[in-house]
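Participant: Got a sequence here, can you model it:
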Amino acid sequence: MGNDEVLQLLDDTATTADILASCFDVSQAFSPGSPVPDGGIPRSPAFDPTGPLTPRRRAEQEAAMRDLYDGAEPPPTFDDVLARVRGHARLLDIGHGQRG
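Facilitator: This is a model prediction of the structure:
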């Protein structure tokens, strides 16, 4: 969500719904019975800055950026990622296109 190409993709509600539905299908395979949060991904415990998953998610994101990131700009921090998710919450809500 750090460049226009990604934001344009997310604004394509049909494609985004397909992508996010696939993500939720994978999540269900690992954690059956977990409901899709009302409001979509931004409401997920994975993006709760004070939730129990935060320390591990922060460590994993920092390791991924250290080991895998090869961009010209500095990599986004975990807090940057949370801010981007919150800032683009509407685009990450599977149902936003149907609700108007």
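Participant: Pull out the buried residues from the helix or strand hosting Val85.
Facilitator: Per DSSP states H and E, Val85 falls inside helix 78-87. For helix 78-87, burial by neighbour count (16 or more other C-beta atoms under 10 Å) applies to 78, 81-82, 84-85. Any C-beta I mention is one placed from the backbone N, CA and C, and that applies to glycine too.
Participant: what's the answer for stretch 39-50, then?
Facilitator: Buried-residue list, stretch 39-50, by 16+ other C-beta under 10 Å: 40-44, 46-47.
Participant: Next, give me the two most distant ones among these.
Facilitator: Gly40 and Ala46 (11.7 Å; C-beta to C-beta).
Participant: And Glu5, how close does it get to Leu53?
Facilitator: Applying C-beta to C-beta, to the nearest Å, the value for Glu5 to Leu53 is 28 Å.
Participant: the more surrounded of those two?
Facilitator: The neighbour comparison of Glu5 against Leu53 (other C-beta atoms under 10 Å) goes to Leu53, with 13 against 8.
Participant: Restricting to C-alpha, output the helix or strand hosting Ile19 in PDB.
Facilitator: Ile19 belongs to helix 13-30 when assigned by DSSP H and E. What follows is helix 13-30 as a C-alpha-only set of coordinates in PDB (Å, rounded to 0.1, in the frame of the first residue of the first chain):
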ATOM      1  CA  THR A  13     -13.300  -4.100  -5.800                       C
ATOM      2  CA  ALA A  14     -14.000  -7.300  -7.700                       C
ATOM      3  CA  THR A  15     -10.300  -8.300  -7.900                       C
ATOM      4  CA  THR A  16      -9.700  -7.300  -4.300                       C
ATOM      5  CA  ALA A  17     -12.600  -9.300  -3.100                       C
ATOM      6  CA  ASP A  18     -11.300 -12.400  -4.900                       C
ATOM      7  CA  ILE A  19      -7.800 -11.900  -3.500                       C
ATOM      8  CA  LEU A  20      -9.000 -11.200   0.100                       C
ATOM      9  CA  ALA A  21     -11.500 -14.100  -0.100                       C
ATOM     10  CA  SER A  22      -8.600 -16.400  -1.000                       C
ATOM     11  CA  CYS A  23      -6.600 -15.000   2.000                       C
ATOM     12  CA  PHE A  24      -9.500 -15.700   4.300                       C
ATOM     13  CA  ASP A  25      -9.900 -19.200   2.900                       C
ATOM     14  CA  VAL A  26      -6.200 -19.900   3.800                       C
ATOM     15  CA  SER A  27      -6.800 -18.400   7.300                       C
ATOM     16  CA  GLN A  28      -9.800 -20.700   7.800                       C
ATOM     17  CA  ALA A  29      -7.600 -23.700   6.900                       C
ATOM     18  CA  PHE A  30      -5.300 -22.700   9.800                       C
END
